[in-house]
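1. Sequence below, structure please.
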Amino acid sequence: MVLAQFGTKFEGHHGMQPWVSLPNYKAYQSKYGPNYKIGTNFHGIDLHRARILYVNRLSFRIHPSSIRILLKTPFHPLEPETGTTAAGFGAVAGIFALFFFADIPRVRKDIMQKVPFIGDHFVKEIAPEDNPF
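-> Numbering: from 1, shown residues only. Modelled structure (predicted):
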């Protein structure tokens, strides 16, 4: 790698690139916005995650793929209920699709006429004077 001149970082695939300079002013933070602070971390691992990794290291040997799981954010406590919600929306979408396509003759004959209690509603008889045959 050849060092470039005149305050540039390097000459590589994309040519000369300037050094990244940090601004000398603090970022604006509105008094009406959220008041948050970034916790102490080292490469994205906070103290709580480091403790979990350390305790697990003492109890058993950690496989590298299990570390990836520990570094991810934990599940929200309501996430197990999302499957029930998705099932409810899926059932409603399926019922909607059945009634939406109920006037298609094949759907009417093969599916809707076989549904108990409401199957008789979907029996369509053509009057003899309207029958072209």
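
2. So, low pLDDT: which residues of this protein?
-> For the chain, the stretches with pLDDT under 70 are 1-22, 56-80.

3. give me that answer again for 80
-> The model of the chain has pLDDT under 80 over residues 1-27, 36-38, 43-44, 53-82, 131-133.

4. where along it do the helices fall?
-> For the chain, applying DSSP state H gives helices covering 47-59, 64-71, 82-100, 105-110.

5. got these as CSV, with mean neighbour count and distance to residue 40 columns?
-> From N, CA and C alone the C-beta is placed, and that goes for glycine too. Shown next, in CSV, are those (neighbours: other Cβ atoms under 10 Å; distance: least, Cβ to Cβ, whole Å):
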stretch, mean neighbour count, distance to residue 40
helix 47-59, 11, 6
helix 64-71, 10, 16
helix 82-100, 10, 32
helix 105-110, 12, 61
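
6. now for those helices, which one comes closest to residue 117?
-> Residue 117 lies closest to helix 82-100 among the helices of the chain, at 14.4 Å (Cβ to Cβ).
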